[in-house]
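**Student:** next input, structure requested:
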Amino acid sequence: MKKIDGYLFAKLANIGSRSEGPVYYLQQFDYTELQVVKQVNLWEEDPVLQPLLAGKVTIDGEVHPDGIVYEQVRPYQSE
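**Tutor:** A predicted model of the protein is given here:
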């Protein structure tokens with residue numbers, strides 16, 4: 001499991017379709033962006049990620065070709 005820090009934000013995807021919903025991204029502190037794989041249906045808001053939007057977070061998880069598959073997401077705390 002890897003620890004990844006950054007800024008969590010979302011974009012609306014599949015606009016105008018029945019699958020319209022948020023896609024979550026993590027902008028790392030070096031400005032690279034990784035998609036965060038949500039664990040709900042395409043059109044639903046992820047209950048773990050949604051409360052932490054627009055803030056710095058730490059994600060514990062694995063990086064896959066589809067994006068970060070998270071185990072835990074928590075507010076960022078500098079060390």
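**Student:** on the pLDDT front, check the spatially most central residue of the chain for me.
**Tutor:** With distances taken as C-alpha atoms, centre = their mean, Val36 lies nearest the centre of the chain, 3.5 Å away. For Val36, the pLDDT comes out at 98.
**Student:** that one contacts Asp60, correct?
**Tutor:** No. In this structure, Val36 is not within contact of Asp60 by C-beta atoms under 8 Å, at 12.0 Å. C-beta coordinates here come from the backbone N, C-alpha and C atoms, glycine included.
**Student:** can you give me the strands for the protein?
**Tutor:** 2-13, 21-27, 33-37, 55-64, 67-75 (DSSP state E).
**Student:** which one of the ones you listed lies closest to Val48?
**Tutor:** Among the strands of the chain, the nearest to Val48 by C-beta to C-beta is strand 67-75 (5.6 Å).
**Student:** can you give me the buried ones in that closest one?
**Tutor:** 67-68, 70, 73 (16 or more other C-beta atoms under 10 Å).
**Student:** same deal with stretch 7-27?
**Tutor:** By 16+ other C-beta under 10 Å, the buried positions in stretch 7-27 come out as 7-10, 21-26.
**Student:** mind picking the two most distant members of those?
**Tutor:** Tyr7 and Gly21, at 20.3 Å, using C-beta to C-beta across these.
**Student:** so how far is Ser17 from the nearest residue to Leu26 once chain neighbours are set aside?
**Tutor:** Closest residue to Leu26 apart from its sequence neighbours, by C-beta to C-beta, 6 or more residues apart in numbering: Gly6 at 4.3 Å. For Gly6, the distance to Ser17 (C-beta to C-beta, to the nearest Å) stands at 28 Å.
**Student:** got it, and Val63?
**Tutor:** 28 Å.
**Student:** can you pull out the low-pLDDT segments for the protein?
**Tutor:** 79 (pLDDT under 70).
**Student:** how far away is Val23 from Leu49?
**Tutor:** In terms of C-beta to C-beta, Val23 sits 10 Å off from Leu49.
**Student:** common neighbours of those two, please.
**Tutor:** The contact sets of Val23 and Leu49 overlap at 10, 38 (C-beta atoms under 8 Å, 6 or more residues apart in numbering).
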